[in-house]
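J.: what follows is a protein structure lacking sequence information:
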Ligand code: ATP
């Protein structure tokens, strides 16, 4: 059993609201366990450069309510190479760091697995991504806040859509996954969601919109995941225009607004629990696992499992959207 004295924490990939709450929990739990704790700046980039800062309880004061990440984040191509990871390992050893907590998405966990596999270095992952596309946890940190951001935007768009009898296509994040689109469609009372996991049939969509017009709906909002196979919200509007109806159509792309903002109470709670669980797991000599939360209980999911299994969308969500729009 490795005796851990010094741990480091980093955030990597896209930033997600709640990452700061997770950093805070990691730092404070580590201090409670009499561990020294370091922050790594700019994700794996900081490992390669040896960019470490010592952290104490004060370093994480007043951050639970803030979006972004105080440790900064980056996407590092060099870390994907063996040479990059060798440098990282050397820097960790030089700084006498015994274990690492990484907070990020699927790519971040792949990088962590490589470090464990190649150097048997203890790493525990925390799921932090607005996409909610990781297997082995009900929710990822940041997803709930992003959903609330989209829902608020949809509510505002509904006001203008109703006033002008307009149709809106609201593009949300999700390059490969429709989780944000589906849940925000339900929460925002939108009329349909177009997602990468389901092939978009423009003729069927056109029929649906004609139906809404016949029902004399005063507004119509379609949520489009950016990775939808039809090519995004602008493209869908263009293709619908080819039918020659007199639909008044507008497009709103929410973009990076979905990443920012103060985390919801759920994201703060989730991040706090996962941060504590990550340190507990390292003390328990766990490595190569992600901590997740299922049915409000902490679970340990091997990196291999969460990386191998792609999370699939719940068909029930599609049924709910259909039911609510009949
Ligand atoms: P998000 O879901 O927000 O995009 P992510 O963690 O999936 O977050 P990525 O950019 O895919 O974001 O990954 C973050 C970093 O992890 C990469 O920049 C790279 O340094 C590292 N990484 C990704 N894939 C691998 C891999 N196969 N091997 C080693 N490192 C990797």
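T.: Now that the structure is in, tell me what you want to look at. Note that the structure is predicted; figures quoted are calculated from it, not measured.
J.: not counting its own residues, what contacts the helix or strand hosting residue 127?
T.: For residue 127, the element it lies in under DSSP states H and E is strand 123-127. By Cβ atoms under 8 Å, 6 or more residues apart in numbering, the residues outside strand 123-127 that reach it are 22, 26, 99-105, 108-109, 112-113, 115-116, 134, 136-137, 140-141, 271, 274-275, 278, 281-282, 286-292, 303, 306. Every C-beta, even on glycine, is put in place using the N, C-alpha and C of the backbone.
J.: quick one, longest helix in the chain?
T.: helix 143-164 (DSSP state H).
J.: so how far is the next helix or strand after it off the chain centroid?
T.: Moving toward the C-terminus from helix 143-164, the next helix or strand (DSSP H and E) is strand 167-172. Relative to its chain's centre, strand 167-172 lies at 21 Å (Cα atoms, centre = their mean, to the nearest Å).
J.: could you pick out which of the contacts of strand 123-127 are near the ligand?
T.: Contacts with the ligand within the contacts of strand 123-127, counted by Cβ under 6 Å from any ligand atom: 104, 105, 108.
J.: tell me the one of these nearest the ligand?
T.: Nearest to the ligand, judged by Cβ to the nearest ligand atom, of these is residue 105 at 2.5 Å.
J.: residue 17 and residue 263, how far apart?
T.: Separation of residue 17 from residue 263 (Cβ to Cβ, to the nearest Å): 4 Å.
J.: and the two? Which one has more around it.
T.: Per other Cβ atoms under 10 Å, whichever of residue 17 and residue 263 has more neighbours is residue 17, with 31 against 27.
J.: give the contact list for the more buried one.
T.: Residue 17 touches 67-68, 130, 141-142, 145-146, 259-264, 267, counting by Cβ under 8 Å, 6+ apart.
J.: surely it is in a strand?
T.: No - Residue 17: not assigned to a strand; according to DSSP: H, G, I helix; E, B strand; the rest coil it is coil.
J.: which of the ones next to the ligand among the contacts of strand 123-127 fall in strands?
T.: Members of these lying in strands (criterion: DSSP state E): residue 104.
J.: which of the contacts of strand 123-127 are buried?
T.: Among these, those scoring as buried are 22, 26, 99-105, 108-109, 112-113, 115-116, 134, 136-137, 140-141, 271, 274-275, 278, 281-282, 286-292, 303, 306 (criterion: 16 or more other Cβ atoms under 10 Å).
J.: return the subset of those lying in helices.
T.: Per DSSP H, helices hold the following members of the buried ones among the contacts of strand 123-127: 22, 26, 108-109, 112-113, 115-116, 271, 274-275, 278, 281-282, 303, 306.
J.: which among these gets closest to the ligand?
T.: Nearest to the ligand among these, counting by Cβ to the nearest ligand atom, is residue 108 at 3.4 Å.
J.: so the closest one sits against residue 14, correct?
T.: No - Residue 108 lies out of contact with residue 14 (Cβ atoms under 8 Å); the separation is 9.6 Å.
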